[in-house]
Every structure is written in C-alpha cells, then in structure tokens.
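**Student:** mind folding the following:
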Amino acid sequence: MSKQINEAKDYFHGGYYEKLLLVEDKNLENNEETRVKTLNTIFDQIKKLIEEKGSGITTSQIRNIFGRVKNAKELSDLVLLRPKLAYISARQGNNRNARMITDFIGDLIKRVNKPVHKKSLQTVMEAMVAYHKLYHQKKS
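**Tutor:** As a prediction, the model looks like this:
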C-alpha cells in the first residue's frame with residue numbers, strides 16, 4: 001500500500017475508511033440514529049481530506065473521474081479507471097496531493113466487489129466533487 005493511501009486513510013480515523021464503500025448500505029449501522037452519525041462523520045472526513053489535499057487535482061479531472069464512476073455499467077468498468085487515475089497523477093507532476101487523491105480513489109475502486117460498493121463509491125465521489133468545488137474553484 002502506498003504512503004499516499006496511508007496518509008489518506010489517516011483522515012478516516014476510527015474505522016471509517018472501511019465504511020466508505022458502505023454509505024449506501026441501509027444496514028451500515030444498527031439503527032437510523034447511529035447511521036446518521038456515521039454518515040455525518042464520513043462526510044466531514046471527506047470534506048477535510050478534500051479541503052486540505054484537493055488542490056493537487058483540477059476540477060475537470062475530479063469531475064471526469066466522477067462521471068466515469070457514475071456511468072460505469074459493470075464493476076469491471078471501474079477497474080478500467082485505474083490507469084486513467086495514474087495518468088491524472090502523472091499529469092500533475094510530482095504533486096503529492098494529486099497522488100494522494102488518485103491513489104485514494106484507486107484503492108476504493110480496488111475494494112469494490114458488489115453493487116452496494118459501486119453505489120457508495122458514486123456517493124463518495126459526488127461528495128468529493130462537491131467539496132472540491134467549494135474549496136478549490138478557480139477565482140476569476
């Protein structure tokens with residue numbers, strides 16, 4: 001596992017990294033109150049990751065990834081995104097933040113193995129796009 005993935009995982013303390021691909025699972029927690037708290041924590045952690053490290057990737061790049069994740073018909077379509085993530089990282093030069101974000105997404109893709117994971121990845125990516133727009137939109 002790359003150093004960048006471990007750094008990204010540090011944003012999801014308390015076991016929440018493992019729950020990222022379960023955000024769309026109605027059985028995520030034992031009851032609705034706990035599920036809401038867990039979801040709020042997960043989205044707060046995504047927000048912090050993107051706020052602090054999202055500058056390494058452009059809005060177009062993260063939206064492009066999200067679009068491909070959203071339009072993936074099969075789980076194998078997601079795996080085909082991994083080389084594209086490597087290309088995006090390489091395009092940003094030696095930018096550690098870009099590498100962290102692309103490795104993070106790539107690691108999530110590797111962990112997708114059922115439909116609820118795919119739907120959860122779409123939700124996580126949507127949140128990443130939203131927070132990226134909030135914190136890293138270009139000023140005109």
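**Student:** can you tell me which residues contact Val23?
**Tutor:** The contact partners of Val23, taken as Cβ atoms under 8 Å, 6 or more residues apart in numbering, are 39, 42, 120, 123-124. Just so you know, the C-beta spots here come from the backbone N, C-alpha and C atoms, and that holds for glycine as well.
**Student:** mind checking pLDDT for Lys138?
**Tutor:** pLDDT for Lys138: 72.
**Student:** hang on, the earlier thing: make a markdown table out of the contacts of Val23 and add secondary structure, distance to Tyr87 and neighbour count.
**Tutor:** As requested, the contacts of Val23 are exported to a markdown table (DSSP: H, G, I helix; E, B strand; the rest coil; distance: Cβ to Cβ, whole Å; neighbours: other Cβ atoms under 10 Å):
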| residue | secondary structure | distance to Tyr87 | neighbour count |
| --- | --- | --- | --- |
| Leu39 | helix | 32 | 17 |
| Ile42 | helix | 28 | 22 |
| Ser120 | helix | 25 | 22 |
| Thr123 | helix | 25 | 19 |
| Val124 | helix | 21 | 22 |
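**Student:** closest to Lys70 among those?
**Tutor:** Closest approach between the contacts of Val23 and Lys70, by Cβ to Cβ: Thr123, at 10.1 Å.
**Student:** quick check: that closest one vs Asp10, distance?
**Tutor:** Distance of Thr123 to Asp10, computed by Cβ to Cβ, to the nearest Å: 22 Å.
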